[in-house]
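# after the sequence you'll find the predicted model.
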Amino acid sequence: MRGIDAPELKMPYGKESRNALVKLIGGKRVTIYVYEQDQFGRYVGDIYCDNLFIQEQMLKSGYAWHFKTYDKRPEFAKIGRERQEQHTKGFGRQRILRSRGIGEGTSAMQDTMPSRSTNGDEP
């Protein structure tokens, strides 16, 4: 998906992220606008389903983060900033991922994140 990144299945919250995506598009007809192929030969594009922009939904729900290195869309950057300001449940997942070195901008984001202890449950 163009402009976002999400944890791999074996990473923390990887299964939750996949399940969120499946909930949005599983078994449904989607429209994909392909823009390019990445360095690994994968097609990169925007996905729409049921009149929803899927990347935007994944960002807003906190199951993905804006991949700023490859995407300069201001609306994605704005969602990321809003998520950081709100400290919602989804952003808590991103904070945990970044604290473990997972996700774009981990070192920069890690330094600006307030610490929060968890008991192993979802933040």
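Arrived safely, thanks for sending.
# from here on, contacts and neighbour counts on C-alpha atoms
OK.
# so what pLDDT did the closest residue to residue 25 other than its chain neighbours get?
Nearest non-adjacent residue to residue 25, counting by Cα to Cα, 6 or more residues apart in numbering: residue 49, 6.4 Å away. At residue 49, the model reports a pLDDT of 97.
# I'd say residue 49 and residue 26 touch.
No. Taking contacts as Cα atoms under 8 Å, residue 49 lies outside contact range of residue 26: 9.8 Å.
# the more surrounded of the two?
residue 49 (15 against 12; other Cα atoms under 10 Å).
# test of understanding: give the bridge partners of that one.
Residues in a beta bridge with residue 49, per DSSP bridges, are residue 52.
# list the residues that contact it.
With contact taken as Cα atoms under 8 Å, 6 or more residues apart in numbering, residue 49 is in contact with 24, 25, 28, 29, 30, 31.
# likewise for residue 24?
Residue 24 neighbours (Cα under 8 Å, 6+ apart): 49, 54.
# where does it fall, secondary structure wise?
helix 14-25 (DSSP states H and E).
# in the helix or strand following that helix, what counts as buried?
Downstream of helix 14-25, the first helix or strand assigned by DSSP H and E is strand 31-37. Of all the residues in strand 31-37, not one is buried under the rule 16 or more other Cα atoms under 10 Å.
# how about the helices in this protein?
Using DSSP state H, the helices of the chain run over 14-25, 54-61, 74-86, 89-99, 106-112.
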